[in-house]
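# when you get a sec, could you give me coordinates for this:
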Amino acid sequence: MDAYCTEIRKLEGKFYDIAYHHVVRDQNQLADHLSKLGSSRVAIPPGVFIQDLPVPSIKEDKEVEEVPPAEQLVLAVPSPVIDWREQFIKYLTSAKVPADKTETERLVCRSKLYVLVNGSLMRKSAKEGILQKCITQEEGVQLLLEIHSSSCGNHAASRTLVGKAF
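Numbers count the residues shown, from 1 in each chain. Predicted coordinates:
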């Protein structure tokens, strides 16, 4: 934001009167509306022009400190990685169940929603009957980071984010 303010200050002398107002992200309904238009793939209304900017429009003079990704900000204690899909795959392939009776009942009940397709665990959608690929937790984190870092990531609604994930 400071870089944009500096650019505005450089241009102030070239105009008789100039005013700029910082709009807080939560109150920027126009940006929200435009991002929803872009992510919903509807026809663009007349008078709205699209320009994709692959690089920032403002060049900063000073070196910007890189912020590490979210997964690097948390101190993780190494532990054996347990894939949540394993219990379903074992049950669906060989009918192996946990020793605990309540866990067994829970697994049998929940496994009705899953099916194996070419060795991959898929979840059956109740309404549409669509098969959804089950991914590991690490793949899910990577997917969410990719979705949130896109050009409309900051102003996308929850339904749009789910659509991008699918």
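# name the nearest residue to Ile130, sequence neighbours excluded.
Among residues not flanking Ile130 along the chain, Lys124 sits closest, at 7.9 Å (CB to CB, 6 or more residues apart in numbering). C-betas here are computed from N, CA, C, even on glycine.
# and the helices in the protein?
With DSSP state H as the criterion, the chain has helices at 2-11, 29-40, 70-73, 86-94, 101-110, 137-148, 158-165.
# between those, which gets nearest to His21?
Proximity to His21 (CB to CB) singles out helix 2-11 among those, at 11.0 Å.
# break this protein into its domains for me.
If you go by automatic domain parsing, the domain ranges for the chain are 2-80, 86-133.
# for these, which one ends up most surrounded?
Each of those was assessed for mean neighbour count using mean count of other CB atoms under 10 Å. The highest is domain 86-133, with a mean of 12.
# what's the average pLDDT for that one?
Averaged over domain 86-133, pLDDT sits at 85.
# just stretch 49-62 next, same as before
So the average pLDDT for stretch 49-62 ends up being 71.
# can you check stretch 144-155 too?
Computed over stretch 144-155, the average pLDDT equals 66.
# so what's the residue nearest to Ile130 up against?
Counting by CB atoms under 8 Å, 6 or more residues apart in numbering, Lys124 touches Leu113, Tyr114, Val115, Ile130, Leu131, Gln132.
# now the fifth one: how far from Lys90?
According to CB to CB, to the nearest Å, Leu131 stands 20 Å off from Lys90.
# please apply the same query to the last one.
As defined by CB to CB, Gln132 lies at a distance of 20 Å from Lys90.
# again with the first one
Counting by CB to CB, the gap from Leu113 to Lys90 is 16 Å.
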